[in-house]
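Asker: Output the structure for:
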Amino acid sequence: MYQLWHPNTERAIRETNSQPVGHRVIIDRISYSGINANPADKCQDPVSKNYYDCIWWDSGINSTKEKYEDFLAPFNASGGKLDYWVLDTETWLSNWAIGSNKNDLSQKERWRAIQNDPRNATLFAELNALGFTGQDLIGTVYNWSKGGDNYLIWNSLMGNKVADYYNEATYDVIKKYYPNVEMLNYGLGYRSQEYQVPDLNGHKQYKYGPGNNVGTDQTQDGLYGRLGQITNRNRLINGFTYNATAFNAFRYEVNRMRSMLLSNQSVPISPWISHKSWNKTLVDDNDYYEEMIIHLSLTNANVIIYWNPKSGDGLLQDKDDELLSNLLNEENQFIGYMNKKPITSNYITYSDDWWTSDYVLSGMNAGGQKVWRFTPDVINGTYKLVNDPNSIVFTTAQYRVTIPEGTIYPNQVSKYGFWITQPLNSIDPEVEKLR
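Answerer: Numbers count the residues shown, from 1 in each chain. Presented below is the predicted three-dimensional model:
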């Protein structure tokens, strides 16, 4: 794939055209830069008279369109081929991105500049329509802990604006030249109150708005196997502590993927994953990394964006590449088919069970059969494979899972989970709660 750091038409054509048909990719890390910082878009703090990057990007959009035209016109005219365009902007307008550090005076000034900008004539009407209380950004969004859900409402509206900005400035230009291009941007996906997944630190962004996407696909900030302050008591479920275990991190990522799928099944999902040896996760030294990738795939990932920067121990990260390649080859034996479809009817109905179960089961119709992956909590829990002549039966401390007419396969890359197949007309797995 071609990484667009410093646009070079000749090199871009050479590299993308050498990729397999259907998989010609440009990863864009530079063309959008400056969209949020155009001097003509800045706000001025009325007290200090300092200028700050603002939330209105009109001039930035226009200058960004020009950059995309300057690259795409000759790229297309000279025969450049393109199937995927991947953005990694990570430029946001949430309360966290604008600033919530009470010891940083410039952050307060930036909020004051936005609050008093003449362009905010319709801002509070949009916020209030979503349930925002009052018209005080500093007291209720900058000081987010004092303003109830105002910061969540702000983040919802700003997420939509950022998606709209990037769609207009990038996707709308690209699809003029490549109408069938698939495009996604890191960190923008769908959510719902029905399938609730707080963010890593327990903030309940799902309460306000369905989310958004750029281009054709939805995604999420990296599905890496991390847990933040969501592990504090009451952050996930009142009266409950979601402990920082590898199984819980794996299940959190699977539930994020499932929530995105169930919240908007019409927009494909393309998750971002890391190399296994990245030590900022809870799955870097166990097989829940592999299990996470398998279950993400069974949720019908469109493409998987793999982040491996090759820094630090290069040999170790080469092993990460080999591991992922072996895992994907294994997956292809079971689900490497066209027209596959996830089986969502067997997901645990959204309730506390989403977060307290001691197993995860994902399924997919693929290759003329039903394919399942059963993953128990092997580190902190117990499970048994029960002998039954007609079914595959697992018992855990909490559940009995019966897969009628199932065929089980030996563990391969990961030692934690099991592949099971069924005839297409078989009854879906039956789950009995034991306690």
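
Asker: in the stretch 301-435 of the chain, which spans are helices?
Answerer: Remark: helices assigned in the stretch 301-435 of the chain by DSSP state H, counting those that start in this stretch are 314-335, 353-356.

Asker: so which of these comes closest to residue 294?
Answerer: Ranking the helices of the stretch 301-435 of the chain by proximity to residue 294 (CB to CB) places helix 314-335 first, at 6.3 Å. No exception for glycine: its C-beta is placed from N, CA and C like everyone else's.

Asker: what helices or strands is the closest one leaning on?
Answerer: Contact partners of helix 314-335 among helices and strands, from 3 or more CB pairs under 8 Å, 6 or more residues apart in numbering; DSSP states H and E: helix 288-298, strand 359-366.

Asker: from the helices of the stretch 301-435 of the chain, which stretch is densest packed?
Answerer: Highest mean neighbour count of those: helix 353-356, a mean of 18 (counted as mean count of other CB atoms under 10 Å).

Asker: picking up where we left off before, for residue 233, find the nearest of the helices of the stretch 301-435 of the chain.
Answerer: With CB to CB as the measure, helix 353-356 is the member of those nearest residue 233 (13.3 Å).

Asker: pLDDT weak spots in the stretch 251-400 of the chain?
Answerer: Under the criterion pLDDT under 70, the flagged ranges of the stretch 251-400 of the chain are 310-316, 348-352.

Asker: Just the pLDDT at residue 10, thanks.
Answerer: Looking at residue 10, its pLDDT stands at 89.

Asker: Can you tell me, leaving aside adjacent residues, what's nearest to residue 430?
Answerer: Excluding the flanking residues, the one nearest residue 430 by CB to CB, 6 or more residues apart in numbering is residue 402, at 4.5 Å.

Asker: Could you break this structure into its assigned domains?
Answerer: The chain breaks down by automatic domain parsing into domains covering 2-339, 353-433.

Asker: chain center to the last one: distance?
Answerer: This means domain 353-433. 26 Å (CA atoms, centre = their mean, to the nearest Å).

Asker: same thing with stretch 296-307?
Answerer: That offset, for stretch 296-307, works out to 10 Å (CA atoms, centre = their mean).

Asker: And for stretch 205-218?
Answerer: 10 Å.

Asker: do stretch 217-231 as well
Answerer: On CA atoms, centre = their mean, the centre of stretch 217-231 falls 7 Å from that of its chain.

Asker: Now do the nearest residue to residue 150 once chain neighbours are set aside: how many residues are near it, please.
Answerer: In this structure, residue 150 finds its nearest non-sequential neighbour in residue 140, 4.0 Å apart by CB to CB, 6+ apart. With neighbours defined by other CB atoms under 10 Å, the count for residue 140 comes to 22.

Asker: same thing with residue 78?
Answerer: The burial count for residue 78: 12, using other CB under 10 Å.

Asker: ok, it touching residue 11?
Answerer: No: using CB atoms under 8 Å, residue 78 is not in contact with residue 11, being 11.7 Å away.

Asker: Output stretch 72-90 as CSV, restricted to C-alpha atoms.
Answerer: Backbone C-alpha positions of stretch 72-90 (Å, rounded to 0.1, in the frame of the first residue of the first chain) are rendered in CSV as follows:
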residue,chain,number,x,y,z
LEU,A,72,-6.0,13.2,-7.8
ALA,A,73,-6.3,14.9,-11.2
PRO,A,74,-2.9,13.9,-12.5
PHE,A,75,-3.0,10.6,-10.6
ASN,A,76,-6.2,9.6,-12.4
ALA,A,77,-5.2,11.1,-15.8
SER,A,78,-2.0,9.1,-15.7
GLY,A,79,-3.8,5.8,-15.1
GLY,A,80,-3.6,5.5,-11.3
LYS,A,81,-5.7,2.7,-9.9
LEU,A,82,-7.5,2.9,-6.6
ASP,A,83,-9.8,0.7,-4.5
TYR,A,84,-9.4,2.0,-0.9
TRP,A,85,-8.5,5.3,0.6
VAL,A,86,-7.7,5.2,4.3
LEU,A,87,-7.6,8.4,6.3
ASP,A,88,-6.0,8.6,9.7
THR,A,89,-6.8,12.1,10.7
GLU,A,90,-7.3,11.9,14.5
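
Asker: coming back round to it: could you dump the helices of the stretch 301-435 of the chain into JSON lines with distance to residue 160 added?
Answerer: Formatted as JSON lines, the helices of the stretch 301-435 of the chain follow (distance: least, CB to CB, whole Å):
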{"stretch": "helix 314-335", "distance to residue 160": "34"}
{"stretch": "helix 353-356", "distance to residue 160": "26"}
